[in-house]
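1. Need coordinates for the below:
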Amino acid sequence: MNLRGAIFDADGTLLDSMHIWRELGARYLQSLNITPEENLSAKLYPMSLEQSCRYLRDHYGLRDSEGDIQSGILGIIEGFYREEVTLKDGVREFLPAMREKGIQMVIATSGNRDLLLSALERNGIAEYFDEIFTCSELSTTKHEPDIFLACAEFMSLKPENVGVFEDALFALETAKRAGFVTFGVADESNVHQWQMIQSTADYTIETFRGGIIS
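-> Reported below is the predicted structural model:
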């Protein structure tokens with residue numbers, strides 16, 4: 001494996017944050033005294049923030065604009081990202097080891113840039129990443145390879161020389177189809193899909209304490 005670049009997902013891969021992300025839509029609806037559907041978190045999970053707001057407005061008949069809903073949701077999670085969220089096990093040691101090997105690192109996320117940057121800075125790992133790419137800013141999702149290809153182009157590398165670290169099965173499938181080296185990262189949110197992730201990804205990581213990529 002000639003790995004020269006790495007693309008990291010944030011939530012569930014670098015950050016131990018999936019529990020708040022899963023609860024986000026439900027918490028917002030409950031703040032409006034609306035009972036959320038049982039599988040709401042599964043429906044919102046692959047969506048960008050803007051897509052999630054549109055779904056909540058349309059599906060629940062909310063009178064607020066998408067912008068108002070987005071502001072309300074950001075208000076709920078802002079404190080979490082700025083003050084509470086922690087790193088996944090071993091991340092703090094893994095990133096400097098990757099840098100020492102000369103591997104470029106960027107982030108590709110479906111989350112919000114400002115909140116992510118706040119979490120990275122508070123946890124002391126922002127310095128390791130040359131750029132953050134978001135699905136919202138590129139008007140895409142991780143069902144399409146656009147965000148991964150944009151990351152590779154930024155690093156001036158071919159997909160076969162870039163590792164994609166993801167906890168989401170569908171994102172791993174997208175990256176693999178586009179020719180990237182894929183690393184499935186274990187998280188409490190993907191326990192039910194772990195066997196499929198193991199059969200899909202080129203490599204799997206249960207903890208970043210396992211060592212650097214050779």
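2. if you skip the residues just before and after it, what's nearest to residue 158?
-> Closest residue to residue 158 apart from its sequence neighbours, by C-beta to C-beta, 6 or more residues apart in numbering: residue 152 at 6.9 Å. Heads up, the C-betas are built off the backbone N, CA and C, glycines and all.
3. tell me the pLDDT at that neighbour?
-> With respect to pLDDT, residue 152 scores 98.
4. what's the helix or strand for it?
-> Here residue 152 sits within helix 146-155, counting by DSSP states H and E.
5. all helices of the chain, in order?
-> Secondary structure of the chain (DSSP state H): helices located at 18-31, 40-44, 49-60, 66-83, 91-100, 113-122, 135-138, 146-155, 169-177, 194-200.
6. other SSEs contacting the helix holding residue 152?
-> When contacts are defined as 3 or more C-beta pairs under 8 Å, 6 or more residues apart in numbering; DSSP states H and E, helix 146-155 sits against strand 5-8, strand 104-109, strand 132-134, helix 135-138, strand 162-166.
7. contact partners of it?
-> By C-beta atoms under 8 Å, 6 or more residues apart in numbering, the residues outside helix 146-155 that reach it are 4-5, 7, 104, 106, 108, 130-131, 133-135, 138, 140, 142, 158-159, 162, 164, 174-175, 178, 180.
8. ok so, going back, can I get the helices and strands packed on helix 146-155 in TSV with mean neighbour count and distance to residue 28?
-> Shown next, in TSV, are the helices and strands packed on helix 146-155 (neighbours: other C-beta atoms under 10 Å; distance: least, C-beta to C-beta, whole Å):
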stretch	mean neighbour count	distance to residue 28
strand 5-8	26	27
strand 104-109	23	20
strand 132-134	19	20
helix 135-138	16	18
strand 162-166	27	26
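9. mean pLDDT for the ones you listed: which is lowest?
-> When I compare these, helix 135-138 is least confident, with a mean of 94.
10. could I have that one exported to PDB, CA atoms only?
-> Coordinates of each C-alpha in helix 135-138 appear next as PDB, following Å, rounded to 0.1, in the frame of the first residue of the first chain:
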ATOM      1  CA  CYS A 135     -21.100  18.100   1.500                       C
ATOM      2  CA  SER A 136     -23.100  21.300   1.900                       C
ATOM      3  CA  GLU A 137     -20.500  23.500   0.400                       C
ATOM      4  CA  LEU A 138     -20.000  21.100  -2.500                       C
END
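11. measure residue 98 to residue 107 for me?
-> 13 Å (C-beta to C-beta, to the nearest Å).
12. Any stretches of the chain with poor pLDDT?
-> Filtered on pLDDT under 70, the chain yields the residue ranges 210-214.
13. list the buried ones in stretch 183-201?
-> Residues of stretch 183-201 classed as buried by neighbour count (16 or more other C-beta atoms under 10 Å): 183-187, 189-190, 193-194, 197, 200-201.
14. brain fart, stretch 114-129
-> 115-116, 118-120, 125, 128-129.
15. and the end-to-end length of it?
-> 14 Å (C-alpha to C-alpha, to the nearest Å).
16. can you check stretch 120-137 too?
-> 19 Å.
17. before we move on, what about stretch 127-138?
-> The straight-line separation of the ends of stretch 127-138 (C-alpha to C-alpha) is 23 Å.
18. Return the distance of that stretch from the chain's centre.
-> 11 Å (C-alpha atoms, centre = their mean, to the nearest Å).
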